[in-house]
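*Asks:* A structural model of the following input is requested.
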Amino acid sequence: MGMPAPRPLMLCHFTAVEVEPPDFVDLAARAGFAAVSLMIQFPRAYSPGFPMTGDTRMRRETRRRLDATGVTLFDAATCRLEPDTGLDDFRALVETAAYLGARGIDVNGNDPDPARLADQFAALCALCAEHGLGVGIEFMMSTQVKTLGDALALIERSGADNAAVTVDALHLARSGGSPADVAALDPAQISYVQLCDGPAAPPAGEAYAREASGGRLLPGDGDLPVRELVDAVGPDVMLGVEAPSRWRAEQGVPAAAYAAQAMDAVRRLLGSPGGGAG
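*Replies:* Residues are numbered from 1 along each chain as shown. Here you go, the predicted structure:
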């Protein structure tokens, strides 16, 4: 196997979201990742999450670990725009992202009213711009921003100039998109790429949500065109592994060991020739 081309690599918190943010920073550093995303604020449907907004001990410790390890916070998650959310719901997340030195935040769009969604998104982007943060809109079939086209349309409608699209390998495939669609974008339109894998055929019915939240494979272990997706973006685009997997817990694989497996998987992927299925 040839040496992989050096490029930015990140470990996404959702891969092992039970790990507290300070420990996740250390875990990623030990596995060799240069950056992380962190779940600062959880969507309402999930657990309350971690005490990371406001001047908390965990937030201060997370900043200390980032400084100590040299790992950078690329992405702070997540702002889920619902019909009844407003800017005040996300001010604390944005402030924490800025305190931790994040490059940007992650947004899901789940308001069925396109005009209201665009207004919410524009206001959030403006707030982030005040803090020097970018905004990545992540499309997925389980929200109202379902496709790459939906995400691009939202950005255009909002008029925000600090917004780009977060491309998740699974959501791209399940929404009918392809690496060719991503290759057609201007690099400035891409926030970063989340890598994982899975079977070529999408699961039926309710199994889609279960696949996304805990049924993913590490990149290169399935049938999705993950290598083609990597080839579709420039070498400066951040690649993040986001591969939450129920089998890891069922088999008792520790999060640290899984992080090391994730790094091995992405290194194999980057070292493989282009043109083959991930």
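
*Asks:* any idea which helix or strand comes after the helix or strand of the chain with the lowest mean pLDDT?
*Replies:* Taking mean pLDDT, DSSP states H and E as the measure, the chain has helix 207-214 as its least confident helix or strand, at a mean of 83. Following helix 207-214 in sequence order, the next helix or strand is helix 226-232 (DSSP states H and E).

*Asks:* Who does the nearest residue to V17 once chain neighbours are set aside form a beta bridge with?
*Replies:* Residue nearest to V17 in three dimensions, not counting chain neighbours: M39, with 5.8 Å by C-beta to C-beta, 6 or more residues apart in numbering. C-betas here are computed from N, CA, C, even on glycine. Note on M39: beta-bridge partners by DSSP bridges are A77.

*Asks:* Now for M39, how many residues are close by?
*Replies:* 22 (other C-beta atoms under 10 Å).

*Asks:* surely A243 meets G214?
*Replies:* No: the criterion here is C-beta atoms under 8 Å, and A243 misses it with G214 at 9.9 Å.

*Asks:* neighbour count winner among these two?
*Replies:* A243 (31 against 16).

*Asks:* Tell me who's in contact with that one.
*Replies:* Contact analysis of A243 by C-beta atoms under 8 Å, 6 or more residues apart in numbering lists 15, 195-197, 216-219, 262.

*Asks:* and if we set it to 7 Å?
*Replies:* Counting by C-beta atoms under 7 Å, 6 or more residues apart in numbering, A243 touches 15, 196, 216-218, 262.

*Asks:* For it, report the pLDDT, please.
*Replies:* A243 carries a pLDDT value of 97.

*Asks:* what do you get for the one 4 residues further on?
*Replies:* W247 carries a pLDDT value of 90.

*Asks:* Sticking with it, tell me its helix or strand.
*Replies:* helix 246-250.

*Asks:* starting at the chain centroid, how far to the next helix or strand after that helix?
*Replies:* Using DSSP H and E, the helix or strand that follows helix 246-250 in sequence is helix 255-271. Relative to the chain's own centre, helix 255-271 is displaced by 17 Å; criterion: C-alpha atoms, centre = their mean, to the nearest Å.

*Asks:* Show me what helix 255-271 is packed up against.
*Replies:* Applying 3 or more C-beta pairs under 7 Å, 6 or more residues apart in numbering; DSSP states H and E, one finds that helix 255-271 contacts strand 9-12, helix 21-31, helix 226-232, strand 239-241.
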